[in-house]
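# Need coordinates for the below:
(one chain, ligands or ions: 2)
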Amino acid sequence: MICFPNAKINIGLHVTEKRPDGYHNLETLFYPTKLYDVIEIIENKSGDEPYLWSSSGIAIDGNAESNLCIKALLLLKQDFDIPPVKIHLHKVIPFGAGLGGGSADAAFTLTTLNEMFQLKISDEKLISYAAKLGADCAFFILNTPCIATGIGDILQPVSLNLKDKYLMLIKPDIHISTPEAYSGIKPAFPDMSLTEKLSQPIKDWKDTVVNDFEASVFPNHPGIKEIKDKLYNSGATYAAMTGSGAAVFGIFNEKPKVLFPEYFNWIEKI
Ligand SMILES: C[C@@](CO)(OP(=O)(O)O)[C@H](O)COP(=O)(O)OP(=O)(O)OC[C@H]1O[C@@H](n2ccc(N)nc2=O)[C@H](O)[C@@H]1O
Ligand SMILES: Nc1ncnc2c1ncn2[C@@H]1O[C@H](COP(=O)(O)OP(=O)(O)O)[C@@H](O)[C@H]1O
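Ligands and ions are numbered 1, 2, ... in the order given. Model prediction:
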């Protein structure tokens, strides 16, 4: 069976408090994109190893056991009798970019195994499995625009009308460590809820729909802020870094031209 884990962007992200477990509560809007990885899972009738792993596309650091696809398989194998499988990942989504690619791969592996082997796991239970694999993973079980709170695992689907606009993603050759990005933020509850801010017209979002990670990341990586500024100067209605970065996105009314050919670029009609 083949699935297409998509990337996400964060539209607005407030880090509201630090939790006793070291994680942070946040308020953000997860928005799915059309930028995909590809995962193929086949039952391996001839083998007796629990899984065979292969990958192509962008090289990922770490070995099979550290890959979130395999972590998802092994998590389900604790509760279900899943026969030996071959898993191939074709990696397209830049990782460590704030695009949630690894988290998406984990969630889509859960849902694909559920369907392939008729495990009859409910969405609610899939969400709890996903939350064990990463704070961002639960979103990809629903995979529809959601306001997320908690560590990112409490999800409220919302309707956000960006239809017929264009999304441009740029990923500079910069790696941002998520824990380090969080450590640079002083958590605080915002004066207005993100839902209220997003209910305003998109032309008014520039100064209100803020990603708290920008204040933590931009001082050490001014090149990321330059990308955001250039998106606005090139006609973006709204632009921001996604998640803990380093990818930046812009929303345009008309199809934008490629502005940073030296970096990873993605343009889609929403
Ligand atoms: C920052 C966000 C915003 O959507 O996304 P990305 O930038 O990674 O896409 C997420 O909170 C990232 O979620 P995810 O990438 O799944 O984080 P995890 O692997 O679960 O945790 C990595 C580390 O980030 C920190 N962390 C993560 C989530 C959270 N709510 N609070 C945290 O403090 C913790 O130090 C944790 O050890
Ligand atoms: N299938 C995978 N795809 C991408 N990253 C993965 C995968 N499995 C494990 N990882 C690890 O997860 C991290 C990136 O996770 P990802 O969700 O793509 O982060 P981000 O949301 O910051 O882009 C990397 O450190 C990478 O080593």
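# Regarding this structure, what is its longest helix?
helix 101-116 (DSSP state H).
# buried set for that one?
Going by neighbour count (16 or more other C-beta atoms under 10 Å), the buried part of helix 101-116 is 101-114, 116. Bear in mind the C-beta positions are built from the backbone N, C-alpha and C, glycine included.
# Please apply the same query to stretch 201-217.
202, 205, 209, 210, 211, 212, 213, 214, 216, 217.
# Using PDB, write out every CA atom in it.
Output of stretch 201-217 as PDB, limited to C-alpha atoms (Å, rounded to 0.1, in the frame of the first residue of the first chain):
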ATOM      1  CA  PRO A 201      -8.900  39.500   7.200                       C
ATOM      2  CA  ILE A 202      -5.500  38.000   6.100                       C
ATOM      3  CA  LYS A 203      -4.200  41.500   5.200                       C
ATOM      4  CA  ASP A 204      -4.400  42.300   8.900                       C
ATOM      5  CA  TRP A 205      -2.400  39.200  10.100                       C
ATOM      6  CA  LYS A 206       1.100  40.700   9.600                       C
ATOM      7  CA  ASP A 207       1.400  42.200  13.100                       C
ATOM      8  CA  THR A 208      -1.000  40.000  15.000                       C
ATOM      9  CA  VAL A 209      -0.600  36.400  13.800                       C
ATOM     10  CA  VAL A 210       2.900  35.900  15.200                       C
ATOM     11  CA  ASN A 211       5.200  32.900  15.500                       C
ATOM     12  CA  ASP A 212       6.900  33.200  18.900                       C
ATOM     13  CA  PHE A 213       9.900  31.200  17.500                       C
ATOM     14  CA  GLU A 214      10.900  34.100  15.200                       C
ATOM     15  CA  ALA A 215      12.000  36.300  18.200                       C
ATOM     16  CA  SER A 216      14.100  33.300  19.400                       C
ATOM     17  CA  VAL A 217      15.600  32.300  16.100                       C
END
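# Spatially nearest residue to the closest residue to ligand 2 within the chain (excluding sequence neighbours)?
Closest contact between the chain and ligand 2, by C-beta to the nearest ligand atom, is at residue 102 (2.9 Å). Distance criterion C-beta to C-beta, 6 or more residues apart in numbering; nearest residue to residue 102, sequence neighbours excluded, is residue 68 at 4.7 Å.
# check contacts around that neighbour.
Contact partners of residue 68, counting by C-beta atoms under 8 Å, 6 or more residues apart in numbering, are 102, 103, 105, 106, 109, 133, 134, 137.
# after the helix or strand of the chain with the lowest mean pLDDT comes which helix or strand?
Lowest mean confidence among the helices and strands of the chain (mean pLDDT, DSSP states H and E): helix 178-183, at a mean of 91. Downstream of helix 178-183, the next assigned helix or strand under DSSP states H and E is helix 194-198.
# which helices and strands sit right next to the longest helix of the chain?
Secondary-structure packing of helix 101-116 (3 or more C-beta pairs under 8 Å, 6 or more residues apart in numbering; DSSP states H and E): strand 2-3, strand 6-18, strand 38-43, helix 68-77, strand 85-91, helix 123-133, helix 139-142.
# is it true that the residue of the chain closest to ligand 2 touches residue 89?
No. Using C-beta atoms under 8 Å, residue 102 is not in contact with residue 89, being 10.0 Å away.
# List the contacts of residue 238.
Taking C-beta under 8 Å, 6+ apart, one finds 11, 202, 205, 206, 209, 250, 251 in contact with residue 238.
# Provide the partner residues of it in its beta bridges.
Beta-bridge partners for residue 238, by DSSP bridges, are residue 251.
# For residue 54, the count of nearby residues, please.
11 (other C-beta atoms under 10 Å).
# for residue 130, that is, sorry about that
27.
# Get me the contact residues on the stretch 51-200 of the chain for ligand 2.
60-62, 67-69, 89, 95-103, 105, 136, 178 (C-beta under 6 Å from any ligand atom).
# residues contacting residue 243?
9, 10, 13, 97, 98, 99, 100, 136, 178, 211, 213.
# One more: residue 41?
Residue 41 touches 1, 2, 3, 85, 86, 87, 109, 112, 113, 116, counting by C-beta under 8 Å, 6+ apart.
# on that earlier part again, does the longest helix of the chain reach ligand 1?
Yes. Helix 101-116 reaches ligand 1 (C-beta under 6 Å from any ligand atom) through residue 103.
# Perfect, I'm done here.
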